[in-house]
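# sequence and computational prediction follow.
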Amino acid sequence: EGQLVESGGGLVQAGGSLRLSCVASGFTFDAYVIGWFRQAPGKEREGISCIKSTDGSTYYADSVRGRFTISSDFAKDTVYLQMNSLKPEDTGVYYCARGDIATMAQELYDYWGQGTQITVSS
């Protein structure tokens, strides 16, 4: 059974940077899409970025485009989310998930990590 484990969360000041990692196991990593989602306090979970391993294509939500960069390392079965110029509104729990197609529709992702907390102070 597939598993995803996120790491790299923490507390950072506004304007700072963090890099999240999502390590996959139990499935053929490069055959799937890996997406990043986040849930802010009191809000619904939203999709922010995904990467299609087969061709390297990426997607970003408007709220993070230009500040966040998603990448993958096949040798390590890991997807990264480099987050720069962080804002207080980026605060939330960040999840990675496995999907079959490059979409931010959450119902199309089957395996989910446990989440990692990001807190951006002003």
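Structure's in. What do you need?

# ok, now how distant is residue 104 from residue 47?
Between residue 104 and residue 47 the computed distance is 3 Å (Cβ to Cβ, to the nearest Å). Backbone N, C-alpha and C define where each C-beta goes, glycine included.

# same check on residue 3?
Distance from residue 3 to residue 47, by Cβ to Cβ: 20 Å.

# for the most centrally placed residue in the chain, what is the enclosing helix or strand?
When Cα atoms, centre = their mean is applied to the chain, the residue found nearest the centroid is residue 36 (2.5 Å). Using DSSP states H and E, residue 36 falls within strand 33-39.

# now the helix or strand following that strand: mean pLDDT?
Once strand 33-39 ends, the next helix or strand along the chain (criterion: DSSP H and E) is strand 46-52. Strand 46-52 shows a mean pLDDT of 96.

# one more: stretch 25-38?
92.

# can you pull out the strands in the chain?
3-7, 10-13, 18-25, 33-39, 46-52, 57-60, 68-73, 78-83, 92-99, 109-112, 116-121 (DSSP state E).

# pull up the pairing partners for the third one, direction included.
Which is strand 18-25. In the sheet, strand 18-25 lines up against strand 3-7 (antiparallel), strand 78-83 (antiparallel) (DSSP bridges).

# leaving out the residues flanking it, which one is nearest to residue 39?
residue 45 (4.0 Å; Cβ to Cβ, 6 or more residues apart in numbering).

# now do the contacts for that neighbour.
Taking Cβ atoms under 8 Å, 6 or more residues apart in numbering as the criterion, residue 45 is in contact with 37-39, 95, 106.

# if we use 7 Å, what do you get?
By Cβ atoms under 7 Å, 6 or more residues apart in numbering, the contact list for residue 45 reads 37-39, 106.
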